[in-house]
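[1] Generate a structure from the sequence data that follows.
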Amino acid sequence: MQINSHDGWCSEVNHCPSPHHNERPAGEVASLLVIHNISLPPGRFGGGHVQAFFQGHLDSAVHPYFAEIAALKVSAHFLIERDGTITQFVSCLKRAWHAGRSQYGGRPECNDYSIGIELEGTDDLPFTPAQYDSLQALTKALQYAYPDISRYRITGHEFIAPGRKTDPGVGFDWQRYFHSLNKASVLPGSERQS
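    Numbers count the residues shown, from 1 in each chain. You can find the predicted model right below:
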């Protein structure tokens, strides 16, 4: 798994381009990784509704909750489903619309300088082993492509928008995630694309 330095798209994952993105500020490079969770409708998994939402095609007639959110323009760079499948919606070179009003280390507008990964899930349900495996692999690929995303530049939505957001929540095992990153190394033969 590698991030192409020319176009910001990741190999070995599904691509499902979203129109909900724009340019990062001039000269800005990804330097923060934000972990989220999402399920549509809340607490239900599968069905392709997250993909439709990020593409602006969510059918408001399918579920009452969808009528409330269908008009929103939201995206993340990546989604990791319960079975570990990874889908990319926005190039890592672009500004996805995942963090909203937010700040990290005193710096506002996290969308400007972050990459957002959505895990299919809820705040209080455990995430799956397959999701942790995929998240580890994706994180290592992102860190290789964007070295400013160190262990100390990985956070949750709840920490950059406290009081407004609660994800990824208590169901996310930060210790497990960071331990897996410490054990992992760049795969042999992996080369930075130029």
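[2] CA atoms of the worst-scoring helix or strand of the chain on mean pLDDT as CSV?
    Ranked by mean pLDDT, DSSP states H and E, the helix or strand of the chain with the weakest confidence is helix 174-183, at a mean of 92. Taking C-alpha atoms only, helix 174-183 is exported to CSV below (Å, rounded to 0.1, in the frame of the first residue of the first chain):
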residue,chain,number,x,y,z
TRP,A,174,-5.9,3.7,21.3
GLN,A,175,-3.4,1.6,23.1
ARG,A,176,-3.9,-1.3,20.7
TYR,A,177,-3.6,1.0,17.7
PHE,A,178,-0.4,2.7,18.8
HIS,A,179,1.1,-0.6,19.9
SER,A,180,0.5,-2.0,16.4
LEU,A,181,2.2,1.1,14.9
ASN,A,182,5.2,0.6,17.1
LYS,A,183,5.6,-3.0,16.0
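[3] how about that helix: buried residues?
    Tyr177, Ser180, Leu181 (16 or more other C-beta atoms under 10 Å). Placement of C-beta: from N, CA and C, glycine included.
[4] The second one: what's its closest spatial neighbour, skipping adjacent residues?
    Taking C-beta to C-beta, 6 or more residues apart in numbering, and ignoring the residues beside it in sequence, Ser180 has Gln136 as its nearest neighbour in space, at 4.4 Å.
[5] so where's the chain shaky on pLDDT?
    The chain contains residues with pLDDT under 70 at 184-194.
[6] looking at the protein, which residue lies furthest from center?
    In the chain, counting by C-alpha atoms, centre = their mean, Ala61 sits farthest out from the average C-alpha position, at 26.8 Å.
[7] What would the top helix by length along the chain look like as PDB? C-alpha coordinates only.
    Counting by DSSP state H, the longest helix found in the chain is helix 129-145. Coordinates of the C-alpha atoms in helix 129-145 are reproduced here as PDB (Å, rounded to 0.1, in the frame of the first residue of the first chain):
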ATOM      1  CA  PRO A 129      -9.600  -6.800  14.300                       C
ATOM      2  CA  ALA A 130      -9.800  -6.300  10.500                       C
ATOM      3  CA  GLN A 131     -10.300  -2.600  10.900                       C
ATOM      4  CA  TYR A 132      -7.300  -2.300  13.200                       C
ATOM      5  CA  ASP A 133      -5.200  -4.200  10.700                       C
ATOM      6  CA  SER A 134      -6.300  -2.000   7.800                       C
ATOM      7  CA  LEU A 135      -5.800   1.200   9.900                       C
ATOM      8  CA  GLN A 136      -2.300   0.200  10.800                       C
ATOM      9  CA  ALA A 137      -1.300  -0.500   7.200                       C
ATOM     10  CA  LEU A 138      -2.900   2.700   6.000                       C
ATOM     11  CA  THR A 139      -1.400   4.800   8.800                       C
ATOM     12  CA  LYS A 140       2.100   3.500   8.000                       C
ATOM     13  CA  ALA A 141       1.600   4.300   4.300                       C
ATOM     14  CA  LEU A 142       0.500   7.800   5.200                       C
ATOM     15  CA  GLN A 143       3.400   8.300   7.600                       C
ATOM     16  CA  TYR A 144       5.800   7.200   4.900                       C
ATOM     17  CA  ALA A 145       4.300   9.600   2.400                       C
END
